[in-house]
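In: Give me the fold of what follows.
(chains A and B)
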Amino acid sequence: MGATISNVFSLEALLSIPYDGRMLMLCKGLRMFGFGFLAVILVIYLEQIGFSTSETGLLFTLTLLGDAVISIFLTTHADKYGRKFCLFVGSFLSIFTSLVFISQTNFWILLIAAIVGVISPSGSEVGPFMAIEISSMAQVSEDRYRTKIMSWYNLVGCFSSASGALLCGFITNNLVQEHQFTLLNASKFSMCVYAIVQVFQSFFIYLLRSNIEVPTPPQEAASDKASASLSSAAASSSPSFLGLHKSKFIVLHLSLLFMIDSFAGSFVLQSMISNWFFVEYKTNPAVLGSIIFFCNLVAGVSALFAATLADHIGLVLTMVVTHLPSNVLLILVPLMPNELLSILMICARYCISQMDVPTRNAYVQGVVDPDERSAANGITNVSKLSVPTQLNAAFYLALILLY
Amino acid sequence: MKVVRSLASSTGPFLAGLMYERKQYSSLPFFIAGGLKIVYDLLLLRSFSQVKPDSERYQQVNTVAEEDEEVDNYNDEPTEESQQHHHIEMKTLIKS
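Out: Numbering: from 1, shown residues only, chains lettered A, B, ... in the order given. Sure thing, here's the model as predicted:
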């Protein structure tokens, strides 16, 4: 094991990322910064403009559904009509939604904007962006570095959303306490910052070149091949479905598996775990939230090691050997005799929980054709989105800063 | 708020909410989540350990070229057999 530091941290892969890849990283960073920022302020803002908690709950649920529909539509058309174009449409929709949220206070107008637009209610990744960015990243980067670059991409997202949440808590708190802003104005100000971040993101999308698109659309060759290979097994279905041709079954199969995983995850959302610790041990949710927040950052870094591991034992095996122990740890949490050991288990679990994310992304890119990648990512992502997304740990930490 | 959330969200959190509220079942969601996720891992390993992504296929071509034909792969113009094999797997998956 004579691995150098550069090798372990995949620095070589990071440096190999070409111009378009760096722009994609910037988009990801800005977007996740914005989403982290928004996660802290959105609930407070909606409360300040007079929404009840049930209205906010409804708004968030329909937002997620609307985002899922838009994502499916854009990602399944991106490889055909242009990835850059679809990223632009997504970006426009998120700017539009944030402007409506800032300027309007009528519940129904906001509801419609949330459904037809793109906005992240919980700080997690939504919309068509990630799916299209990943397929573009796979397009412009070297195949041998793909998994490592996916890990860096994931890491950029982790740290951006964390810093967004921290900064938002800090700014809002500062405005209220030092500059005598009302909470309404302070949160409105933060919403404006979020909108500006969105505009910056669309600027970096504008800077992308045509390198990210599917190379020379082999329309006839692909459809010939697809119809030939699928004629026996899938005679009933059309050759192209949701932007997929010959990888329909593999994407469907993977989506079903990912659905099991995210359905399982919905039993242990972070808010529920916090609540369980509070009931069981009287653990302060804010303290636990900040512990998990830091574990999530460690998780982003640990995912880099997963990429190195994948080079040796393959992607599927890496996904399994990193994901399985994390769930054994999860099962051990309630079996521990005391609070400290339970917290240690949950921390260890969160620290390795991200290791299968970049490997999973790299794997999906690797098993489908280049012109199916955006659609495959979009479909596998939405299969996860059907379950309420995990509340961002940063949210708790920012709340501490706020009060 | 709780009602709206529960109704609108999937069965996972709703069931989980019921379990967390009762002291004697409160550790059940951890077992269900961990157990299901382990099932996911095993299914993934079973169905996809032979489906190599393109990056790993290149390595195989370089190192063990003679074994390359043996690899059951979706992308190498799947044969009727492998497609059916996958069909069967899908069905068993849906059943389970």
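
In: does chain A sit close to the lengthiest helix in chain B?
Out: Longest helix in chain B, counting residues (DSSP state H): helix B:28-48. Yes. Interface with chain A: helix B:28-48 contributes B:29-45, B:47-48 (CB under 8 Å from any CB of the partner chain). Backbone N, C-alpha and C define where each C-beta goes, glycine included.

In: Show the buried residues in those residues.
Out: Neighbour-count burial (16 or more other CB atoms under 10 Å in any protein chain shown) is assigned, among the residues of helix B:28-48 next to chain A, to B:29-34, B:36-41, B:43-44, B:47-48.

In: Report the spatially closest residue to B:Tyr25, excluding sequence-adjacent ones.
Out: Closest residue to B:Tyr25 apart from its sequence neighbours, by CB to CB, 6 or more residues apart in numbering or on different chains: B:Met19 at 4.5 Å.

In: Against which helices or strands is the helix or strand where A:His312 lies packed?
Out: In the assignment (DSSP states H and E), A:His312 maps to helix A:285-313. If you count contacts as 3 or more CB pairs under 8 Å, 6 or more residues apart in numbering or on different chains; DSSP states H and E, helix A:285-313 packs onto helix A:5-8, helix A:146-178, helix A:270-281, helix A:315-332, helix A:339-352, helix A:356-367, helix A:393-402.

In: Show me what counts as buried in that helix.
Out: For helix A:285-313, the neighbour count (16+ other CB under 10 Å) marks A:285, A:288-293, A:295-300, A:302-311 as buried.

In: What of stretch A:39-58?
Out: Buried positions in stretch A:39-58, judged by neighbour count with 16+ other CB under 10 Å: A:39-48, A:51, A:55-58.

In: Report the residue spans of chain A with pLDDT below the cut-off.
Out: The model of chain A has pLDDT under 70 over residues A:1-8, A:54, A:216-239, A:385-403.

In: Go ahead and flag the most central residue of it.
Out: For chain A, A:Glu125 is the residue whose C-alpha lies nearest the centre (CA atoms, centre = their mean; 3.1 Å).

In: Spell out which residues sit in contact with that one, please.
Out: Counting by CB atoms under 8 Å, 6 or more residues apart in numbering or on different chains, A:Glu125 makes contact with A:Arg31, A:Met32, A:Phe35, A:Gly157, A:Asn381.

In: hmm, which helix or strand of chain B has the shakiest average pLDDT?
Out: The helix or strand of chain B with the poorest confidence is helix B:2-8; it has a mean of 33 (mean pLDDT, DSSP states H and E).

In: Show the backbone phi and psi for the closest residue to A:Ser247 other than its chain neighbours.
Out: Closest residue to A:Ser247 apart from its sequence neighbours, by CB to CB, 6+ apart: A:Val368 at 4.0 Å. Recorded main-chain torsions at A:Val368 are phi -110, psi 170, according to degrees, to the nearest 10.

In: surely A:Ile28 meets A:Cys158?
Out: If you look again at residue A:28, you'll see it is Lys, not Ile. No. Counting by CB atoms under 8 Å, A:Lys28 sits too far from A:Cys158 to count as a contact (10.4 Å).

In: For those two, work out which one has more neighbours and name it.
Out: More neighbours surround A:Lys28 than the other of A:Lys28 and A:Cys158, with 26 against 21 (other CB atoms under 10 Å in any protein chain shown).

In: That one: helix or strand, and which one exactly?
Out: Using DSSP H and E, A:Lys28 maps to helix A:19-48.

In: packing partners for that helix?
Out: Contacts defined by 3+ CB pairs under 8 Å, 6+ apart place helix A:19-48 against helix A:53-81, helix A:129-140, helix A:146-178, helix A:183-206, helix A:393-402.

In: quick check: angle from that helix to helix A:129-140?
Out: With axes from the mean of the first three to the mean of the last three CA atoms, to 10 degrees applied, the angle from helix A:19-48 to helix A:129-140 works out at 170 degrees.
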